[in-house]
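Visitor: sequence-free structure coming up:
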């Protein structure tokens, strides 16, 4: 029955899929070795290789080069005339946690309460989310889900919003998909805002600075307090026997943070907030990653000095203030790169994750070198979140997340022809293409 | 946000002179450009002659007349100015009159704000014309207006002269208030279902039809020479609906699901009017034949989806599929940022659904011009049309294209080089204003201190400067506790989506 409904194109894809040994729906573990041959290979670890070959075995890249013999058991994917890249990586999303933003029953993003360090995104990532195949069809092979992180199209939670998890966009269960259960602690930096938008009256409400500052100090003191308690908890745990302390999941979750093993992804936009956050993390000896950073360009020297990487808010956004140059969000990536600050692009969204290459492309139009933009959607986020030993380049030993495209992956018209996730050829079919094929075949209605 | 307000005054002094300096009358000649005419192919190394704000000549073999100011566009691309069929920029205050379910008496044209910086920003994204819509809170919303982005001109000079006015209708989740819960203690507003949305629209048109009949009778008797007639009582709520039935006002209907689109086509047939455009129309691809047969256009997003239930079946192939079935399709912004990347959004329909480059360009030029009834004046590079043009350094359907100049009526309203050159002066001016403010504040403080010292003998009259106690923590535990600027902006436009 299903076959009858398939269009020529889908049927062709199915035949291709069968010949290559994976079911059209997703992946199969049947094939362990692939050879992608004939394409221009951009390893991001050296110059591009014309007519290169990538060998994949047991989920990992086995070999990359110009003159590589193809193992007899490998399924061959002909990439002649195509380009081969590492899969793209979107580091701040809520994929798997947010299906339909306005329908709260489908959203597991913002827990009640301001301090939830013990919550981990991986707990509730839904492997059957329609967003997963839709997003990977655009060449994004892995993402990080950040619970409660604020930003562009995200739904924000409390001050300490929970732990972000990195995972591949293919797999039957989260166990299969997971790359790293905990890559960062999400902190929404308390912003000093005298003006705020009041949804009840749909207008801007002003508050005296003194009031707002007092509120801010209270929040920062509370954050300090949580970290101090986590340090005491770690000491108690180290020195005392379990009988001498009461187990506390929140403090336990903060121990890797205060010990500098787990980075904090601090979401802040205005220059003043960024400075405050940097100062705080510096004093507390936290490993800080700046998230969003709309005004990071104003504090370049500080970020450079403190070696703080920036996960950029979507390039395609309006300037922060009325008198900010109209193109400042577009030129910010180039400016931060030129200042020597590590940058990664991110969608700060769920449904918008597939716009990741567009954001990088816009930054190239406004001065970011093209090869750096590729790194900033494929490699840099892996480095920033401590996953570069597994992701980000086409080098032997790394996880085989590979995309094969018909051109520049940052250009709007480029198609992803083949997709490998964790070494498996993965379908680019998705809800959107299914609906397109289905309704394209709708007969003309009787008039 | 707050600083945005603070510097509004500064901008008024700093940015406005730009437009005042825009060239006036006189001939302009754009030379050596790749011209994307949209109606008759692309011209390499072509020229465009502009006289009196209109395109006077277009072609490959044109020479600059002696009297013309020359814009050299060597290596650059000229396309028709982008037309955004769904915008909420340049509106002073709220876009929604959200009280009554029928708010046809409210008119966006009455609240145009020519100082909205988003006019300039969108102009810098190649947009020259925008359909400024009321929000989507009501089944029958407010009246709408088509404007040209004449930055620097007063509100009275923004409207696109001759363009028919419109009215916003809205179907589905927004008018039934699905995603904006009624506060406790407040009676929910009717309608609360798609069934009720239909009923509100039908009831309003039943009234409008009766009202129209009264006026038609009156006018008939009056023109027959009858004396001492009392005219029917004027109803500003029903007047625009009568105009809709008389074809003098376009209906732009916000909608998502296929069923509600078919519903409005039925209602329109019942009352003898046409829906001019279905806006968003994210499930339009499911019933493209019916939309095409009704004569309505479809104005949609490139790839937004899943932000609410009725957007869960949205697909990025929507524009291409409707186009394939004969619907006049445009891609719109609904958002000041999205507007300045409409060239990028149009290009996505080449990837998703295989539109040709020219058909992709039409999505943001000729097709919205047809939808707004201004295609005789805008939407392509043809002799006699208004010289509304966008000049890019690359093919505008590439992500790498940057707008260099935007012209409206043959005047340069945006010039990237001029913008870059003026930044230093703008920064200096801002600093001097800040210094002045600071000095004034310090002087005021000193004076107050003096006054305080004088009145120290009567401490009980001293004003209590202690700040009032805090009520709420800065980050609310609930979803609404989002003080982030970007999210606020998203939320605000989300109400209109």
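Guide: Nice, thanks for sending it over. If you're wondering where the values come from, they're calculated on a predicted model, not measured in any experiment.
Visitor: residues contacting residue A:225?
Guide: For residue A:225, no contacting residues are found, by CB atoms under 8 Å, 6 or more residues apart in numbering or on different chains. (C-beta placed from N, C-alpha, C; glycine too.)
Visitor: state the distance from it to chain B.
Guide: Going from residue A:225 to chain B by CB to the nearest CB, to the nearest Å gives 14 Å.
Visitor: surely residue A:436 is in contact with residue B:314?
Guide: No: using CB atoms under 8 Å, residue A:436 makes no contact with residue B:314, being 11.2 Å away.
Visitor: looking at the two, which one has more neighbours?
Guide: Between residue A:436 and residue B:314, counted using other CB atoms under 10 Å in any protein chain shown, residue B:314 has the larger neighbour count: 27 against 23.
Visitor: following the helix or strand hosting residue B:142, which helix or strand shows up next?
Guide: Using DSSP states H and E, residue B:142 maps to strand B:140-148. Downstream of strand B:140-148, the first helix or strand assigned by DSSP H and E is strand B:166-170.
Visitor: biggest helix in chain A by residues?
Guide: Longest helix of chain A, by residue count under DSSP state H: helix A:209-239.
Visitor: centre of the chain to that one, how far?
Guide: 28 Å (CA atoms, centre = their mean, to the nearest Å).
Visitor: from residue B:307, how far off is the spatially closest residue to residue B:214 that is not a sequence neighbour?
Guide: In space, and not counting its chain neighbours, residue B:214 is closest to residue B:232: 4.1 Å by CB to CB, 6 or more residues apart in numbering or on different chains. With distances taken as CB to CB, to the nearest Å, residue B:232 is found 44 Å from residue B:307.
Visitor: could you do residue B:434 as well?
Guide: 39 Å.
Visitor: of the two, which one has the most company?
Guide: Taking other CB under 10 Å, residue B:434 and residue B:307 do not tie; residue B:307 has more neighbours (23 against 13).
Visitor: on the three-state scheme, the more buried one is what?
Guide: Assigned with DSSP: H, G, I helix; E, B strand; the rest coil, residue B:307 falls in the coil class.
Visitor: now the strands: where do they sit in the stretch 51-200 of chain A?
Guide: A:60-65, A:75-78, A:83-86, A:88-93, A:140-145, A:160-168, A:178-188, A:195-198 (DSSP state E, counting those that start in this stretch).
Visitor: what's the closest of those to chain B?
Guide: strand A:195-198 (3.4 Å; CB to the nearest CB).
Visitor: which strands border the closest one, and is each parallel or antiparallel?
Guide: strand A:203-206 (antiparallel) (DSSP bridges).
Visitor: and the strand it pairs with, how far from the chain's centre?
Guide: Averaging C-alpha positions (CA atoms, centre = their mean) puts strand A:203-206 33 Å from its chain's average.
Visitor: look up how far residue B:124 lies from the closest residue in space to residue A:190 that isn't next to it in sequence.
Guide: Once flanking residues are discounted, residue A:190 sits nearest to residue A:219: 4.0 Å by CB to CB, 6+ apart. Residue A:219 is 37 Å from residue B:124, where distance means CB to CB.
Visitor: tell me which of the two has more neighbours.
Guide: residue B:124 (24 against 20).
Visitor: hey, what's residue A:292 bridged with?
Guide: Applying DSSP bridges to residue A:292 gives these bridge partners: residue A:268, residue A:312.
Visitor: same check, this time on residue A:88
Guide: residue A:140.
Visitor: that one and residue A:377 touch, don't they?
Guide: Yes: counting by CB under 8 Å, residue A:377 is a contact partner of residue A:88 at 4.8 Å.
Visitor: mean confidence score for stretch B:415-422?
Guide: Mean pLDDT, computed over stretch B:415-422, is 98.
Visitor: let me know the secondary structure of residue A:420.
Guide: strand.
Visitor: where's it relative to residue A:82, distance?
Guide: Counting by CB to CB, the gap from residue A:420 to residue A:82 is 13 Å.
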